[in-house]
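Visitor: I would like the atomic coordinates for the input below:
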Amino acid sequence: MVAALTMAPGVHAQTAQTAKTVPTSQVEMQLSFAPLVKQTHGAVVNVYAERMVQRRSPFAGDPFFEQFFGQRMPNRTEKQSSLGSGVIVEANGTVVTNNHVIEGADEIKVALSDGREFPVKVVLKDDRLDLAVLKIDAKEQFPALTIGDSDRLDVGDLVLAIGNPFGVGQTVTSGIVSALARNQVTEGDFGFFIQTDASINPGNSGGALMNMQGELIGINTAIFSKGGGSNGIGFAIPANLVKVFLAAADTGAASFERPYIGASFEPVTSDVAEALGLDKVLGALVVRTVEGGPADKAGLKPGQVVTAVNGIGVEHPDALGYRLTTAGLGKSVALTVAENGKVRELTMELAAAPETNPRDERTIAGGSPFSGVTVANLSPRMAYELRMPAEATGVVISRIEPGSLAARLGFQPRDIVVSVNGTTIGSTADMAAVVASEPDFWRVEIERDGQRIRQMFR
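Guide: Numbers count the residues shown, from 1 in each chain. As a prediction, the model looks like this:
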């Protein structure tokens, strides 16, 4: 039986999973997906995003052409369009898609399978997770897909992918779940994907990956291809992550927050597994913890390996991040930890990154090498916003004005100012005091991606 599609807004019912079997006769091999597709395809939409871009004249800045032709060849503004897919997940017109489908768009529309088009507004988006929630601007009930439990997936399960590849129109492809918990798929910092051999091509991004109960179990987001087409390796964001992201959007959150752990992790290698007495090369190796952070309070220590969260195995550090994120802020999780051949359970509270040190942002002007930068005191909250390690401390450059002296001298956002003229910079107040002294000579030491860089300016 196929699960019903429509549901009350904000409710994500789950159907009981039927027993899994393989075809045993020619008759079973000739069964069709058509009834399932007919009942679900209306919830998959095309997403059209348009943005205005400035096209610079090839002769701009050329003194010869500017002298003789003046502004006869000015810069041009062009409209740029992109196409993707989306899934209606609530009957009130709430749509989930990929962030990269609508990133930078000035105008976004969705087209339903019946040909109707509607404008939408962005409710919530996050480029780290590559997810976005849109709301159709219309007061009517729409067909919606029930969000399933992606943790129930097994390798070999049948799945359908629905989207609009290459803009040819809504397309359905079938395949199986090829793998789970894939990481290092995209350049973002999210690394937990469902892998499928169902054909996924450009334009499928944001479309639905469904199970045989008609439930959404993933948002198609990436392909592994050198030529731009499907090679039988596609990736989808698991539905359980979509659930927590959608829940944040439903509460009106301005941004999506992941739990602050206060620790850094590395993958378990075969050498590490042997040294720690592990029988499998799986888990997240604790490298360091932040004093007073959630991991430290839970009792995690460097050298330990987290092997499971709430009884679910952890394959790598990205899987640990996924399990904690889908558990949700304000919750407690049980961590299974291996150390010295022994296993024990720890409990960790999940909370948002705190601003333990007031940021006190200050913008520097004048004739110093830092002219045009905005500096702030680092805290776990500031580090999270700037995508820096949670344990980072000191004074960080949070923004740089384009074209400023600091930008021309090569300073970059996320640079930590360690010292100026031998004075250690421990706060933005220290920074302001050094700049106000207006020395004739500047000896600057900064930290960038863990490397110390020393520069001198006059």
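
Visitor: hey, let's count contacts and neighbours off CA atoms from now on
Guide: Fine.

Visitor: ok, and the closest non-adjacent residue to the residue most central in space within the chain?
Guide: By CA atoms, centre = their mean, the chain has its centre lying nearest to L129, at 1.6 Å. Nearest residue to L129, sequence neighbours excluded (CA to CA, 6 or more residues apart in numbering): F190, at 5.7 Å.

Visitor: Please apply the same query to V47.
Guide: V110 is the one closest to V47 (CA to CA, 6+ apart), at 4.5 Å.

Visitor: Check V96 too.
Guide: Nearest to V96 is V133, by CA to CA, 6+ apart, at 4.7 Å.

Visitor: any idea how far that neighbour lies from V309?
Guide: As judged by CA to CA, to the nearest Å, V133 and V309 stand 28 Å apart.

Visitor: Surely the residue nearest to V96 is in a helix?
Guide: No: counting by DSSP: H, G, I helix; E, B strand; the rest coil, V133 is not part of a helix but strand.

Visitor: What residues are bridge-paired with V375?
Guide: R362, I397 (DSSP bridges).

Visitor: Can you report how many residues lie near it?
Guide: A count of neighbours around V375, defined by other CA atoms under 10 Å, yields 28.

Visitor: With the one 4 residues further on instead?
Guide: As a burial measure, the neighbour count of S379 was computed by other CA under 10 Å and equals 22.

Visitor: do K139 as well
Guide: 8.

Visitor: mind listing what the nearest residue to it once chain neighbours are set aside touches?
Guide: Leaving out its chain neighbours, the residue that sits closest to K139 by CA to CA, 6+ apart is N92, at 7.4 Å. By CA atoms under 8 Å, 6 or more residues apart in numbering, the residues touching N92 are 9, 136, 139-142.

Visitor: and which of the residues you listed is nearest I446?
Guide: Proximity of these to I446 (CA to CA) peaks at I136, which lies at 47.3 Å.

Visitor: pretty sure the closest one contacts K121?
Guide: Yes: between I136 and K121 there is a contact under CA atoms under 8 Å: 6.8 Å.

Visitor: Those two: which has the busier surroundings?
Guide: Neighbour comparison, I136 and K121: the larger count goes to I136, with 21 against 14 (by other CA under 10 Å).

Visitor: could I get stretch 240-257 in CSV with only the CA atoms?
Guide: Output of stretch 240-257 as CSV, limited to C-alpha atoms (Å, rounded to 0.1, in the frame of the first residue of the first chain):
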residue,chain,number,x,y,z
ASN,A,240,16.0,12.9,9.4
LEU,A,241,18.2,16.0,8.9
VAL,A,242,15.5,17.6,6.8
LYS,A,243,13.1,17.1,9.8
VAL,A,244,15.2,19.1,12.3
PHE,A,245,15.9,21.8,9.7
LEU,A,246,12.2,22.0,8.9
ALA,A,247,11.3,22.2,12.6
ALA,A,248,13.6,25.2,13.0
ALA,A,249,11.9,26.9,10.1
ASP,A,250,8.5,26.2,11.5
THR,A,251,9.5,28.0,14.8
GLY,A,252,10.5,31.1,12.8
ALA,A,253,14.3,30.7,13.5
ALA,A,254,16.5,33.2,11.6
SER,A,255,19.2,30.6,11.3
PHE,A,256,19.8,26.9,11.9
GLU,A,257,22.0,26.0,14.9
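
Visitor: And the strands in the stretch 1-150 of the chain?
Guide: 44-55, 76-90, 94-97, 107-111, 117-126, 131-136 (DSSP state E, counting those that start in this stretch).

Visitor: pretty sure the residue nearest to V47 contacts F118?
Guide: Yes: judged on CA under 8 Å, V110 makes contact with F118 at a distance of 5.5 Å.

Visitor: Between those two, which contacts overlap?
Guide: I136.

Visitor: okay, these two: which has more neighbours?
Guide: Just comparing V110 and F118: by other CA under 10 Å the higher neighbour count belongs to V110, 26 against 14.

Visitor: Contacts only, for the more buried one.
Guide: 45-48, 117-120, 136 are the contacts of V110 under CA under 8 Å, 6+ apart.

Visitor: Sounds good, over and out.
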